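J.: Quick one: sequence plus predicted model below, questions after.
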Amino acid sequence: MIKNMKRKNITMNPAQLLIFIFLIFILIGTALLKLPFATTETISWLDALFTTTSAMTVTGLVVFDTATVYTYFGEIVIMCLIQLGGLGIMSFAILIYMMLGKKIGFKERLLLQQALNQTSIGGVIRLVRNLFIFSFTIELVAVILLSVRWVPQFGWAKGIYYSFFHSISAFNNAGFALWEDGLSQFVGDPAINLIISLLIVVGGIGFTVLADLIHAKNFQQLSLHSKLMIIGTLVINVVSIIIIFSLEYNNTRTIAQLPLSDKIWASYFQGISPRTAGFNTIDMTGIEDPTAFFMLFLMFVGAGSGSTGGGIKLTTFIIMILAVITFTKGKKEIVLFRRSIHPSYVLKTLTIAMISIMAIFIAVFILSITEKAPFIKIIFEVISAFGTVGLSMGITSSLSVIGKLVIILVMFIGKLGPLTLAFSLAKPSKEKIRYPNEDVLTG
């Protein structure tokens, strides 16, 4: 009986086990970054934990300059944490299993389904295999392209190292850069803008979409999810570029002093980056309030489901908009590309949005008490952490102890997803009784 009780106490559902594994790796990363030869100066355990969480959640928020405070060892640890967090701990575990020739059981497939945000366990092993092939191939090609640009400027060793670091950081939408001002020195550089932005888009669109694009012969054969992601990504990126260009055109603190071509490149890059990547080519502390407010929306929406990015996810936002349109038209179901979306998915999007808004509200409320900073900067910091973006209006390094702990928790929630945390806390319902319906006045 005692054995049964012990076994029952350690039983975890997939969501709980995923969180537990994630926490273990965060603790390991924190210990590695606290080693004397990982930094050029002594840092606190809290700052090491903050940096590790930021890397594992592929956020990019930093309390101090990465290149200045961390040694090559520390930077490599951060780079490995970014790769591990971006592609997923369970994905790497399955890769090791496959390399050792071990059988992958049902429990491992369930964990993969949870980690990759898939609707079923069917095909998850094939997805993981493709995930690594796609990811490593894309990153390697990006390293070669970036090396062509950076080796002449920084030399062979530094140029290739910088190419590796920023290729991994960009593809995993982490936003860590080895310059204090981000990528501002390359604001008008077409090669850097295009390579980094393409890595951001490909990493943020989702692995299921990439696999679908390779196997589908034409647009019509793509899944509904892939169609929504491709069209949604194109539309939101184009609209974002135009809006940021318009809002910042006369801002002397950002792009007003730049030549027209550099203004276009700066607007292009900042229109793509805020949805999840966190790289910047302009001074984020100088952006206009309307621009900051618009970026809040981009960070909250985030990237694609099953991608390296965060946020509530673009498809979640699209389904919510479609649900509103469907209701106002008096229709009962969402129909798109001759496919209907089940009402349970609409309920799921509502749940994701509400949990996310509640988490952000609580975090902003706490930080508005503990931090001495303008409200727009506080809410920008919180939503950036939730969307695992990493953009900041300059208050990260001045956060209090409570402020740092709150942001750490928000980054954690943003990476694992509100539903994963909800499922980890929820108890399975055994109730099968159905009660009579009754209307409730709303609106």
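T.: Thanks, I have it. Residues are numbered from 1 along each chain as shown.
J.: For burial, what's the neighbour tally of residue 356?
T.: 23 (other Cβ atoms under 10 Å). The C-beta positions use only the backbone N, C-alpha and C, and glycine is treated the same way.
J.: Surely it and residue 299 touch.
T.: No: between residue 356 and residue 299 there is no contact under Cβ atoms under 8 Å: 11.3 Å.
J.: Name the residues contacting each of the two.
T.: Taking Cβ atoms under 8 Å, 6 or more residues apart in numbering as the criterion, residue 356 and residue 299 both touch residue 386.
J.: Tell me if I am right that residue 356 is in a strand.
T.: No: with DSSP: H, G, I helix; E, B strand; the rest coil as the criterion, residue 356 is assigned helix and is not in a strand.
J.: Show residues contacting stretch 358-366.
T.: With Cβ under 8 Å, 6+ apart, stretch 358-366 has contacts from 300, 378-379, 382-383, 385-386, 402, 406-407, 409-410, 413, 418.
J.: now, among those residues, which is nearest to residue 279?
T.: Of all those, residue 385 has the smallest distance to residue 279: 16.0 Å, by Cβ to Cβ.
J.: hang on, isn't that closest one packed against residue 61?
T.: Yes: with contacts counted by Cβ under 8 Å, residue 385 reaches residue 61, the gap being 6.1 Å.
J.: what's downstream of the longest helix along the chain, the next helix or strand?
T.: Criterion DSSP state H: the longest helix present in the chain is helix 124-154. Using DSSP states H and E, the helix or strand that follows helix 124-154 in sequence is helix 156-171.
J.: Can I get that following helix in PDB, CA atoms only?
T.: The C-alpha coordinates for helix 156-171 follow below in PDB (Å, rounded to 0.1, in the frame of the first residue of the first chain):
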ATOM      1  CA  TRP A 156      37.900  34.300 -39.500                       C
ATOM      2  CA  ALA A 157      37.600  33.200 -35.900                       C
ATOM      3  CA  LYS A 158      35.400  36.100 -34.600                       C
ATOM      4  CA  GLY A 159      33.400  36.300 -37.900                       C
ATOM      5  CA  ILE A 160      32.500  32.600 -37.900                       C
ATOM      6  CA  TYR A 161      31.700  32.700 -34.200                       C
ATOM      7  CA  TYR A 162      29.500  35.700 -34.500                       C
ATOM      8  CA  SER A 163      27.800  34.000 -37.400                       C
ATOM      9  CA  PHE A 164      27.000  30.800 -35.400                       C
ATOM     10  CA  PHE A 165      25.800  32.800 -32.400                       C
ATOM     11  CA  HIS A 166      23.400  35.100 -34.300                       C
ATOM     12  CA  SER A 167      22.200  32.400 -36.600                       C
ATOM     13  CA  ILE A 168      21.100  30.200 -33.700                       C
ATOM     14  CA  SER A 169      19.700  33.300 -31.800                       C
ATOM     15  CA  ALA A 170      17.700  34.500 -34.900                       C
ATOM     16  CA  PHE A 171      16.300  31.200 -36.000                       C
END
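J.: contacting residues around it?
T.: Counting by Cβ under 8 Å, 6+ apart, 60, 72, 75, 79, 82-83, 86, 135, 138-139, 142-144, 146-147, 150-154, 174-178, 195-196, 199-200, 202-203, 277, 279, 308 sit against helix 156-171.
J.: Buried members of the contacts of stretch 358-366 into ChimeraX, please.
T.: Filtering these down to the buried ones (16 or more other Cβ atoms under 10 Å) takes a single ChimeraX command:
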select :300,378,379,382,383,385,386,406,407,409,410,413,418
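J.: Pull the most distant pair out of the contacts of stretch 358-366.
T.: Largest separation among the contacts of stretch 358-366 by Cβ to Cβ: 300 and 402, giving 23.2 Å.
J.: distance of residue 349 from residue 84?
T.: Distance of residue 349 to residue 84, given as Cβ to Cβ, to the nearest Å: 29 Å.
J.: quick one: the closest residue to residue 237 other than its chain neighbours from residue 298, how far?
T.: Using Cβ to Cβ, 6 or more residues apart in numbering and skipping residues adjacent in sequence, the residue nearest residue 237 is residue 272, 5.5 Å away. To residue 298, residue 272 is 9 Å away according to Cβ to Cβ.
J.: any common contacting residues for those two?
T.: residue 240.
J.: how about the strands of this structure, start to end?
T.: For the chain, applying DSSP state E gives strands covering 334-336, 339-341.
J.: Quick check: which of these has the most neighbours on average?
T.: Highest mean neighbour count among the strands of the chain (mean count of other Cβ atoms under 10 Å): strand 334-336, with a mean of 15.
J.: packing partners for that one?
T.: When contacts are defined as 3 or more Cβ pairs under 8 Å, 6 or more residues apart in numbering; DSSP states H and E, strand 334-336 packs onto helix 314-328, strand 339-341.
J.: run the last query once more with 7 Å
T.: helix 314-328 (3 or more Cβ pairs under 7 Å, 6 or more residues apart in numbering; DSSP states H and E).
J.: roughly how far is the helix it packs on from the heart of the chain?
T.: On the basis of Cα atoms, centre = their mean, to the nearest Å, helix 314-328 sits 22 Å off its chain's mean C-alpha point.
J.: quick one: average pLDDT of that helix?
T.: The pLDDT scores in helix 314-328 average 90.
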